[in-house]
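Participant: Got a predicted structure here, sequence first:
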Number of protein chains: 2
Amino acid sequence: MAGKDLPTSPLAMPLPAVPPVAGVRLGVAAAGIRYKGRPDLTMFEFVPGTTVAGVFTLNKCPGAPVDWCRAALKGGKARALVVNAGNANVFTGKLGRDAVQATADAAAKLVGCKAKEVFLASTGVIGEPLPHEKLTAALPALFGKLRDNNWEDAARGIMTTDTFPKACVRKAMIGETEVTIAGIAKGSGMVAPDMATMLCFIATDAKIPAAALQAALKKGTDASFNRTTVDSDTSTSDTVLVFATGQAKHPRVPAEGGPMLRDFVKALHELLLDLALQVVRDGEGAQKFIRIDVTGATTARSAQRIAMAIANSPLVKTAIAGEDANWGRIVMAVGKAGEPADRDKLSVAVGGTWMARDGGVVPGYDETPVVAHMKGREIEITVDIGLGRGKGTAWTCDLTHGYIDINGSYRS
Amino acid sequence: MAGKDLPTSPLAMPLPAVPPVAGVRLGVAAAGIRYKGRPDLTMFEFVPGTTVAGVFTLNKCPGAPVDWCRAALKGGKARALVVNAGNANVFTGKLGRDAVQATADAAAKLVGCKAKEVFLASTGVIGEPLPHEKLTAALPALFGKLRDNNWEDAARGIMTTDTFPKACVRKAMIGETEVTIAGIAKGSGMVAPDMATMLCFIATDAKIPAAALQAALKKGTDASFNRTTVDSDTSTSDTVLVFATGQAKHPRVPAEGGPMLRDFVKALHELLLDLALQVVRDGEGAQKFIRIDVTGATTARSAQRIAMAIANSPLVKTAIAGEDANWGRIVMAVGKAGEPADRDKLSVAVGGTWMARDGGVVPGYDETPVVAHMKGREIEITVDIGLGRGKGTAWTCDLTHGYIDINGSYRS
């Protein structure tokens, strides 16, 4: 990180046009926290009445902002979000707690709300005190510039080792009313989400009770961020927050959500998956995007664990970087997952071509289509365990020299 | 692998002189299984009455030789060991089972024993049928050349991506009698042992009942191989076998072992740890050898899991490759282990210098000695969890461009 100019990931997606979301104003500033000459401070302001839901890292050593958000979430209301890049405010002890309090106080004063209605997120270096006076000094001018059509700047403002900004928009119907869901995410390394991952901020003009929003978010992150991995390392700062401003004119949604939210929940889940896969596409050093489907496991949970074991195997990931369809390593990864598996019932396909079936090489197996598939950017691996009906999917990227380059000199 | 000439690991240890072990004859041959112009077939012959103990991979997709050894171990007796390098005979279905049977039959015929007294091990490429006719064709001439003073050749004959041969010798007293324990090991990648790792073969002239030998081996591998990792990938072929020829003249050892074996068990455990650490020193692409001590965890098991989480973190390992004492990543790895931890009680030292204490940077922390330590070959990390008295230790190596080079083109 640290100001290095990394080339844009070859797997990058173009940034979609993100329309304003009624009730949200946002903006960025260069506070000089760590980077020079680029925005590193992002602020969202939400209208009164905005509800909020969040999921956070399960890492046992979370950052001070994660502690802050967990506590603030109990109120279910949000008026502001302040995000800085370059310093994670993790493992900073009392200084870290002072920094989140001071930042929340400063933002609350500008917005005219309680400090507990301000949400905070920080990513970057761990263990260095956050120079929060730089944040609080930059906030008043930033607040004065907030506007509603500014999602692209925000997507760039939260980046650290990211090589491209990540955003996604979905429309959904609640009753007869169309609502908008817009979100941005960042993340590139230390990505192995456990409940949530990295930073992802979503806003919608829908009016959703906090409990229903939380349930939809939890289910959605389990099916998206929690099924991706870049490097198996679970961050201390993972945060996904959804803000619902309630500006759309649709019938009242009950606290438990229910059928009226079906289309909204579907759209939210699509958006979460889209953003999660953009994070994988910007995995540190990634040259190939990998989807792993596991079928025939004893349960869905077992299938998911096997898929993640394959996705986290350095040997599988380096083989794919070398464009080698080394299915022996896939078999190894299935076996190390610790889930029920029978070597002699196992089948493996790459790019839709079955290479191994029922515990051995497919007779007369022709490597040609597999070799061609491995040269592409999008790699598909399918493993059938042959024991049951459990299915799972994981997404990851390859492990390349780029990862070593980026992480061998992160702080230098 | 595949015949590439890798430079010798900078962490290599000189090969010790290994004396004959009474009751053991051994030798190597070039069977041309995969490599050209180097020994790839190794054979041990043991005198009648030799007892055997073994531990094997917990990977759910083990190789055919592992299945064979598990079954053969029930007899507790061994007369021969045949090891090939270059082909793992894993995921080879019925062909794999036929190959182990044919190899065991051929060796048994030469030695004059039952097939079930022949132990087998194979490492190398997964998923390609083992050309066992090459093994059985080479065995008679190899058998004719077996001799007792040949451990160095055997240590080289079992290598695959290893860059240096690994051996160790210990002496121990049983009663008033000195016995010898000699062992060799191989392993460099796909090393994240779960019960045992890679290939390790040990012989002693002591006369130890199989049950006592098995108990000593199990405890020893738990405290050695099972505390090391190169790349978090658990092999399908991990095998540790100990053969006791019973040629030494010491008082009878009871089946349960007991106090008489105390010195022997201590020496065996030292030898297992020595060989396990040699495997780590030959970790694929390794430039630095890393020891991680965890203290103050709630239990020893918890401490060990935290130590392994640090040892398996790609971000910790790449930071060390970059000579960066990035203790923030160590904190992250502690937190992702899922074990009890309290960020604000955590302390981290590198090379004996405490950088962080009780959840924050040590006031006035001077990085100078840490920077000097990080430039060395041997890196020491200590983490105190601050919650209890549980201790654990793990050993690993750094993650470098060399690992990517070796594994991005393994089969090419």
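Facilitator: In hand now; what should we look at? Numbering: from 1, shown residues only, chains lettered A, B, ... in the order given.
Participant: going forward, measure contacts between C-alpha atoms and count neighbours the same way
Facilitator: OK.
Participant: so what's residue A:2 scoring on pLDDT?
Facilitator: At residue A:2, the pLDDT value in this model is 37.
Participant: Over to the residue lying farthest from the centre of chain A. Which of the three states is it?
Facilitator: Each residue of chain A has a distance to the centre, and by CA atoms, centre = their mean the biggest one is for residue A:364: 42.0 Å. Under DSSP: H, G, I helix; E, B strand; the rest coil, residue A:364 falls in the coil class.
Participant: Distance check, it against residue B:130.
Facilitator: Shown here: residue A:364 relative to residue B:130, a distance of 17 Å by CA to CA, to the nearest Å.
Participant: just residue A:321 next, same as before
Facilitator: Residue A:321 sits 27 Å away from residue B:130 when distances are taken as CA to CA.
Participant: How far does the helix or strand where residue A:44 lies sit from its chain's centre?
Facilitator: With elements delineated by DSSP states H and E, residue A:44 resides in strand A:41-46, which encompasses its position. Computed by CA atoms, centre = their mean, to the nearest Å, the chain-centroid distance of strand A:41-46 equals 19 Å.
Participant: what's the answer for stretch A:327-336, then?
Facilitator: Centroid separation for stretch A:327-336 versus its chain: 27 Å, with CA atoms, centre = their mean.
Participant: in that stretch, what's buried?
Facilitator: With burial defined by 16 or more other CA atoms under 10 Å in any protein chain shown, the residues of stretch A:327-336 counted as buried are A:327, A:328, A:329, A:330, A:331, A:332, A:333, A:334, A:335, A:336.
Participant: pretty sure residue A:164 is touching residue A:11, no?
Facilitator: No: between residue A:164 and residue A:11 no contact is recorded; they are 9.7 Å apart, counting by CA atoms under 8 Å.
Participant: These two: who's more crowded?
Facilitator: Ranked by neighbour count (other CA atoms under 10 Å in any protein chain shown), residue A:164 and residue A:11 place residue A:164 first, with 24 against 19.
Participant: Pull the contacting residues for the more buried one.
Facilitator: Shown in contact with residue A:164 (CA atoms under 8 Å, 6 or more residues apart in numbering or on different chains): A:8, A:9, A:12, A:13, A:156, A:282.
Participant: Is the second one part of a helix or strand, or is it coil?
Facilitator: Three states are possible here, and by three-state DSSP the one that applies to residue A:9 is coil.
Participant: any idea of the mean pLDDT in the helix or strand where residue A:309 lies?
Facilitator: Using DSSP H and E, the secondary-structure element containing residue A:309 is helix A:300-311. For helix A:300-311, the mean pLDDT works out to 93.
Participant: again, but for stretch A:346-364
Facilitator: Across stretch A:346-364, pLDDT averages out at 90.
Participant: before we move on, the earlier item: mutual contacts of residue A:164 and residue A:11, please.
Facilitator: When CA under 8 Å, 6+ apart defines a contact, the residues bordering residue A:164 and residue A:11 alike are residue A:282.
Participant: Skipping adjacent residues, who's closest to residue A:327 in space?
Facilitator: The shortest distance from residue A:327 to any non-neighbouring residue, by CA to CA, 6 or more residues apart in numbering or on different chains, is to residue A:348 (7.0 Å).
Participant: what's the model's confidence in the strand holding residue A:44, averaged?
Facilitator: The pLDDT scores in strand A:41-46 average 95.
Participant: Now tell me what touches it from outside.
Facilitator: A:23-31, A:78-85, A:111, A:135, A:142-143, A:146, A:154, A:157-158, A:245.
Participant: give me the low-pLDDT residue ranges for chain A?
Facilitator: Judged against pLDDT under 70, the low-scoring parts of chain A cover residues A:1-5, A:189-197, A:234, A:409-412.
Participant: circling back: near chain B, anything from the helix holding residue A:309?
Facilitator: No: contact of helix A:300-311 with chain B is not found when judged by CA under 8 Å from any CA of the partner chain; the minimum separation is 9.3 Å.
Participant: Which stretches in the stretch 301-412 of chain A count as helices?
Facilitator: In chain order, the stretch 301-412 of chain A shows helices spanning A:314-321, A:327-336, A:368-374, A:401-407, with DSSP state H, counting those that start in this stretch as the criterion.
Participant: count of neighbours near the closest residue to residue A:353 other than its chain neighbours?
Facilitator: Excluding its sequence neighbours, the residue lying closest to residue A:353 (CA to CA, 6+ apart) is residue A:370, at 6.6 Å. Counted with other CA under 10 Å, the neighbours of residue A:370 add up to 20.
Participant: What residues does residue A:370 make contact with?
Facilitator: Residue A:370 makes contact with A:325, A:350, A:351, A:353 under the criterion CA under 8 Å, 6+ apart.
Participant: Adding distance to residue A:231 and neighbour count, write the residues you listed out as a markdown table.
Facilitator: Conversion of these to a markdown table gives the following (distance: CA to CA, whole Å; neighbours: other CA atoms under 10 Å in any protein chain shown):
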| residue | distance to residue A:231 | neighbour count |
| --- | --- | --- |
| A:325 | 20 | 24 |
| A:350 | 21 | 22 |
| A:351 | 23 | 20 |
| A:353 | 27 | 18 |
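Participant: and the helix or strand just after the strand holding residue A:44, how far from the chain's centre?
Facilitator: Going down the chain from strand A:41-46, the next helix or strand is strand A:51-56, by DSSP H and E. On the basis of CA atoms, centre = their mean, strand A:51-56 sits 14 Å off its chain's mean C-alpha point.
Participant: Quick one: list the elements packing against strand A:51-56.
Facilitator: Here strand A:51-56 touches helix A:64-73, helix A:210-222, strand A:239-244, going by 3 or more CA pairs under 8 Å, 6 or more residues apart in numbering or on different chains; DSSP states H and E.
Participant: Try it again at 7 Å.
Facilitator: helix A:210-222, strand A:239-244 (3 or more CA pairs under 7 Å, 6 or more residues apart in numbering or on different chains; DSSP states H and E).
Participant: buried stuff in it?
Facilitator: By 16+ other CA under 10 Å, the buried positions in strand A:51-56 come out as A:51, A:52, A:53, A:54, A:55, A:56.
Participant: Can you check what angle separates that strand from helix A:64-73?
Facilitator: Angular relation of strand A:51-56 and helix A:64-73 on a 0 to 180 degree scale: 140 degrees, by axes from the mean of the first three to the mean of the last three CA atoms, to 10 degrees.
Participant: returning to that earlier point: for the helices and strands packed on strand A:51-56, which one sits closest to residue A:202?
Facilitator: Put simply, out of the helices and strands packed on strand A:51-56 the one that sits nearest residue A:202 is strand A:239-244, at 4.6 Å, with distance taken as CA to CA.
Participant: immediately after that closest one, which helix or strand?
Facilitator: Secondary structure here is assigned by DSSP H and E; on that basis, the next helix or strand after strand A:239-244 toward the C-terminus is helix A:262-281.
Participant: Going by neighbour count, list what's buried in that next one.
Facilitator: Counting neighbours by 16+ other CA under 10 Å, one finds that the buried residues in helix A:262-281 are A:264-265, A:267-281.
Participant: same thing with stretch A:29-43?
Facilitator: In terms of neighbour count (16+ other CA under 10 Å), stretch A:29-43 has its buried residues at A:29, A:30, A:31, A:32, A:33, A:34, A:35, A:39, A:40, A:41, A:42, A:43.
Participant: Quickly name whichever of those residues is closest to chain B.
Facilitator: Out of those, the one with the shortest distance to chain B is residue A:34. That distance is 16.2 Å, counting by CA to the nearest CA.
Participant: does the closest one really touch residue A:86, like I thought?
Facilitator: Yes: the pair formed by residue A:34 and residue A:86 meets the contact definition of CA atoms under 7 Å, at 5.3 Å.
Participant: Name the residues contacting each of the two.
Facilitator: Contact criterion CA atoms under 7 Å, 6 or more residues apart in numbering or on different chains; residues shared by residue A:34 and residue A:86: none found.
Participant: List the contacts of residue A:303.
Facilitator: Contacts of residue A:303 were listed using CA under 7 Å, 6+ apart, and they are A:294, A:295, A:297, A:390, A:391, A:392.
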